[in-house]
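> Next comes the sequence, and after it the predicted model I'd like to discuss.
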Amino acid sequence: MKDGFVRVAAATPRVSVANVEENARRVAEMVRQAAEAGCGAVCFPELALTGYTCGDLFRDRALLSGAERALASLLEETAGLDILCAVGVPVPWNGALYNCAAVFHKGRLLGLPAKSCIPNYSEFYEARHFTPAPATVEVFYAGQRAPLGRGLLFCCENVPDLVVGVEICEDLWSPAPPSTSLAQNGATVVLNPSCSDETIGKAEYRRELVRQHSGRLLCAYVYTDSGLGESTTDMVFAGHDLIAENGGLLGESQLFTTGLVTADVDLERLSQERRRMNTWQLAFDRDVVRVPFRYQASTLEAFQPQRDFARTPFVPRDAAGLSDRCQLILTMQSVGLASRLSAIHGKVAVVGLSGGLDSTLALLVTVRAFDRLGLDRKGIHALSMPCFGTTSRTMSNAQRIAQELGVSFREVSIEKAVRQHFLDIGQEETSLDVTFENSQARERTQVLMDTANRLGGIVIGTGDLSELALGWATYNGDHMSMYGVNASIPKTLVRHLVRYVADHSEPRLQGALLDVLDTPVSPELLPPKDGEIAQKTEELVGPYELHDFFLYYMLRFGFAPGKIYRMACRAFAGEYDAPTVKKWLSTFYRRFFTQQFKRSCLPDGPKVGSVTLSPRGDWRMPSDASWRLWEQELQSL
């Protein structure tokens with residue numbers, strides 16, 4: 001309910017079969033707990049007021065009337081709580097019995113979505129008692145008038161992205177779940193009151209079903225399962241609660257427990273994804289009934305998101321996942337380059353090897369591409385081009401890495417050529433300005449291009465995604481190549497890729513790679529101080545871990561500066577204070593907008609992740625767009 005986040009809960013109380021008053025009391029208590037936890041919506045299990053395992057007692061008028069009275073009491077008990085609730089209840093109407101979820105808010109019964117798919121196989125015999133959901137009708141139930149049937153959507157008037165749909169248990173397991181239509185008609189959150197018995201292997205299947213369904217529908221999915229207290233005459237129920245969002249699992253209960261599972265879901269992210277993916281089509285079915293509700297302003301103001309955000313969203317958190325990801329990325333990069341070499345019948349590649357991270361990764365990828373094609377590694381020409389800012393450490397590492405990989409290595413000093421160029425254009429060598437720096441970068445590119453022409457090869461680009469986002473490259477210098485293998489690899493990921501190769505290398509190559517990882521990131525265009533690197537990139541433009549965080553959430557989801565700022569403050573709490581985050585976020589936006597002209601003419605390069613800046617693919621932006629709107633929002637923080 002702030003920055004697009006809303007907290008949802010799956011609530012599994014202990015059930016007392018057919019004891020409707022006790023069940024209503026337990027539900028009311030958990031509604032209070034969910035409200036106190038800041039939840040905007042809470043979902044209870046299927047037939048929670050009676051218990052799912054009542055069997056033929058569902059034919060008994062006493063049970064059905066008792067359930068109706070229990071719901072009326074529950075509505076009264078929760079009238080002061082600003083939370084949307086869904087509770088399973090059997091509802092008789094027009095000579096039939098429907099398996100419904102009573103959806104209510106602040107004592108008002110909003111609707112009674114009914115179960116569409118009634119299972120009658122194996123251990124299930126619901127068709128003995130229940131009828132599939134009818135077209136929506138208005139009924140009088142629990143002292144209030146409300147719509148009953150299928151196609152009900154509960155729309156929050158003051159949180160426009162919050163649209164709640166409900167399907168019940170078996171509906172999800174069917175070939176055409178009702179939630180598909182609900183989502184296409186706008187539902188961003190789907191609640192599923194369920195009572196799914198536990199059998200061997202079912203929990204794993206259920207988890208994947210919920211997770212993948214949330215991904216297909218681009219929605220948040222709250223699956224609430226009945227558990228302890230249900231009759232164990234023939235079945236056992238585990239209370240397996242799940243909360244998923246767009247294919248990711250946000251919360252899960254332990255089996256055979258009761259209680260609340262909560263998670264903050266990002267409605268803005270879901271809405272942005274739906275707008276981005278044109279194959280995800282909204283529908284406007286005429287038989288859908290939209291029921292409005294609103295939160296109190298004080299509830300919205302009091303809400304504070306508690307969702308955790310990874311500091312490095314481009315990097316998997318678990319070690320096994322990271323290893324697999326690194327292997328796949330290196331393969332994708334090398335396959336991209338190998339395909340280009342095959343297309344041009346190329347057997348020579350030229351790489352400017354500085355001894356830094358990016359050029360090291362580019363060389364490692366090139367070696368893999370040559371190995372894949374069965375080409376001689378000596379066809380890879382690694383050129384070290386020292387000048388005014390080059391240190392002995394980076395030069396030594398470049399030579400060691402080239403030797404250990406078995407590629408051709410050559411040192412070409414560009415000092416003489418750059419000094420002559422300074423004389424030609426009237427540049428003072430003592431003036432350490434942008435011309436001083438860029439002249440070196442462009443001279444290196446000229447050497448690489450001409451060497452590639454002489455040898456009949458192509459120049460391999462080394463620049464990474466983070467540098468392209470910030471425009472931290474010399475136009476027509478290191479900005480230019482014939483194929484950029486790192487174009488969609490952010491700096492935070494470059495480190496892990498190089499480390500992955502180091503971990504799987506012989507000791508001598510491993511030692512050189514580890515020293516590269518330990519070397520400060522620098523273009524080495526300014527003279528060193530006491531033999532050490534004086535020009536450190538992250539001191540000039542800011543920490544790459546921050547910029548990669550900003551980049552991911554701006555490009556991947558289109559979040560506004562304020563939201564990204566608050567997310568970053570939470571993610572990097574204890575590492576960077578709020579003023580520091582704001583400072584570098586401002587730098588990021590300023591550079592991102594003003595440096596687009598460099599990205600408008602990028603060389604080809606393989607896309608490996610969901611975020612990339614290719615002007616031919618994922619990012620098309622005018623080079624002269626104003627960043628004033630984003631600047632104003634930052635200034636208001």
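Yep, that arrived.
> For the nearest residue to Y98 once chain neighbours are set aside, which residues are in contact?
Leaving aside its sequence neighbours, Y98 sits nearest to A114 (Cβ to Cβ, 6 or more residues apart in numbering; 4.3 Å). Backbone N, C-alpha and C define where each C-beta goes, glycine included. Contacts here follow Cβ atoms under 8 Å, 6 or more residues apart in numbering; on that basis A114 touches 91, 98-100, 132-134, 148-150, 168.
> try V348
Counting by Cβ under 8 Å, 6+ apart, V348 makes contact with 379-381, 452, 455-458.
> are any of these buried, and which?
Applying 16 or more other Cβ atoms under 10 Å to the contacts of V348, the neighbour count classes 379-381, 452, 457-458 as buried.
> Please put the alpha-carbon coordinates of the worst-scoring helix or strand of the chain on mean pLDDT into PDB.
Sorting the helices and strands of the chain by mean pLDDT, DSSP states H and E puts helix 537-540 at the bottom, at a mean of 84. C-alpha atoms of helix 537-540 as PDB (Å, rounded to 0.1, in the frame of the first residue of the first chain):
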ATOM      1  CA  THR A 537      36.300   4.500 -10.900                       C
ATOM      2  CA  GLU A 538      34.000   3.900  -7.900                       C
ATOM      3  CA  GLU A 539      35.400   7.000  -6.200                       C
ATOM      4  CA  LEU A 540      34.400   9.000  -9.200                       C
END
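> Can I get the host helix or strand of S298 in PDB? Just the C-alpha atoms.
Using DSSP states H and E, S298 sits within helix 297-302. Taking Å, rounded to 0.1, in the frame of the first residue of the first chain, the C-alpha atoms of helix 297-302 are listed here in PDB:
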ATOM      1  CA  ALA A 297      -6.200   6.800   4.700                       C
ATOM      2  CA  SER A 298      -4.600   6.100   8.100                       C
ATOM      3  CA  THR A 299      -4.100   2.500   7.200                       C
ATOM      4  CA  LEU A 300      -2.300   3.400   4.000                       C
ATOM      5  CA  GLU A 301      -0.100   5.900   5.800                       C
ATOM      6  CA  ALA A 302       0.900   3.600   8.600                       C
END
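> for whichever helix or strand comes after that helix, packing partners?
Next along the chain after helix 297-302, taking DSSP H and E as the criterion, comes helix 319-343. If you count contacts as 3 or more Cβ pairs under 8 Å, 6 or more residues apart in numbering; DSSP states H and E, helix 319-343 packs onto helix 357-373, strand 458-461, strand 483-484, helix 491-503.
> what lines up beside the helix or strand that comes right after helix 319-343 in the sheet?
With elements assigned by DSSP H and E, the helix or strand that comes after helix 319-343 is strand 349-352. Strand 349-352 sits in its sheet next to strand 380-384 (parallel), strand 458-461 (parallel), going by DSSP bridges.
> Just the CA trace of strand 349-352, in PDB.
Taking C-alpha atoms only, strand 349-352 is exported to PDB below (Å, rounded to 0.1, in the frame of the first residue of the first chain):
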ATOM      1  CA  ALA A 349      40.300 -12.200 -32.600                       C
ATOM      2  CA  VAL A 350      42.000  -9.200 -31.100                       C
ATOM      3  CA  VAL A 351      41.500  -8.200 -27.500                       C
ATOM      4  CA  GLY A 352      42.900  -5.200 -25.600                       C
END
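> who touches it?
337, 341, 359, 362-363, 366, 369-370, 379-383, 385, 444-445, 447-448, 451-452, 455, 457-460, 462, 478.
> Show the contacting residues for V288.
151-153, 181-182, 185.
> Ok, N397 next?
Neighbouring residues of N397 by Cβ under 8 Å, 6+ apart: 355, 360, 512, 515-516, 519.
> repeat for T587
Each residue near T587 by Cβ under 8 Å, 6+ apart is listed here: 541-542.
> So for it, what's the pLDDT?
Note on T587: pLDDT of 97.
> List phi and psi for it.
The phi/psi pair for T587 (degrees, to the nearest 10) reads phi -60, psi -40.
> number of nearby residues for Q399?
Q399 has 18 neighbouring residues, counting by other Cβ atoms under 10 Å.
> Nearest residue to I401 in space, ignoring adjacent ones along the chain?
Nearest non-adjacent residue to I401 (Cβ to Cβ, 6+ apart): A512, at 4.9 Å.
> Now do the same for the one you found: its pLDDT.
So, for A512, pLDDT stands at 96.
> Can you get me a residue count around the residue lying closest to K2 once chain neighbours are set aside?
Excluding the flanking residues, the one nearest K2 by Cβ to Cβ, 6+ apart is F303, at 5.2 Å. Neighbour count of F303, defined by other Cβ under 10 Å: 20.
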